[in-house]
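S.K.: Just a sequence and a predicted model for now, questions to come.
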Amino acid sequence: MTNQSPHGHSHEHDPTTDPTFETGSPDWWSELMLLTNRFSRHSLSLAGLPPTSASWRILGHLARRGPLCIGELADLEMTAQPTASRVIKRLADQGFVETRRSPLDGRATMVHLAPAGRIELRELRHSVAHSLEPLTEVLSDDELKILDAARPVLEKLINIHAPDHTVEEIPE
């Protein structure tokens, strides 16, 4: 099978050279991580969004969990607090989040999802969803069921490594 890259290069797919790893091995986990990362970047690209949508993820955290301290958002994003602060400042400048001093700890800054941020997140989610919807036509019912069954497993894996930050559904 020949695949065409976005840059016009053709790539031959040779299943005999594809590495197959034992389920659960370190290489298997590495391949799974790389595959999910590539799918995420591909999905964002199809929707016309930058591949590192930290802004979108932060809006999603706030929609799922309510107001959070900047440090909590940095932990969720697995990034340094100054990096999270820069993204939050940009979101605040756009009117998507509001920052306030914590009533419990005046040194901490709480980040709240603003109504405009909720609207922006909804539009981003719809944009990604609509750009991926045509993929349903190329997958069998069994493949769609497999992907649907994988969702709670992925959520469980995320929650194992971030027990204080459970994954919840984003309200529409």
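M.R.: The structure has been received and is ready for your questions.
S.K.: From here on, just use CA atoms for contacts and neighbour counts.
M.R.: OK.
S.K.: OK, contacts around L35?
M.R.: Not one residue lies near L35 by Cα atoms under 8 Å, 6 or more residues apart in numbering.
S.K.: wait, isn't L91 in contact with S55?
M.R.: Yes. In this structure L91 lies within contact range of S55 using Cα atoms under 8 Å: 7.0 Å.
S.K.: More neighbours: the two, which one.
M.R.: For L91 versus S55, the count of surrounding residues by other Cα atoms under 10 Å is larger for L91: 20 against 16.
S.K.: element containing the more buried one, please.
M.R.: helix 81-93 (DSSP states H and E).
S.K.: after that helix, next one along is what?
M.R.: strand 97-101.
S.K.: Okay, now the sheet partners of that following strand, with direction.
M.R.: strand 109-113 (antiparallel) (DSSP bridges).
S.K.: got the angle for the strand it pairs with vs helix 81-93?
M.R.: Angle of strand 109-113 versus helix 81-93, following axes from the mean of the first three to the mean of the last three Cα atoms, to 10 degrees, is 40 degrees.
S.K.: I'd like the mean pLDDT over whichever helix or strand comes after strand 109-113, please.
M.R.: Later in the chain than strand 109-113, the nearest helix or strand by DSSP H and E is helix 115-132. Regarding helix 115-132, the rounded mean pLDDT is 93.
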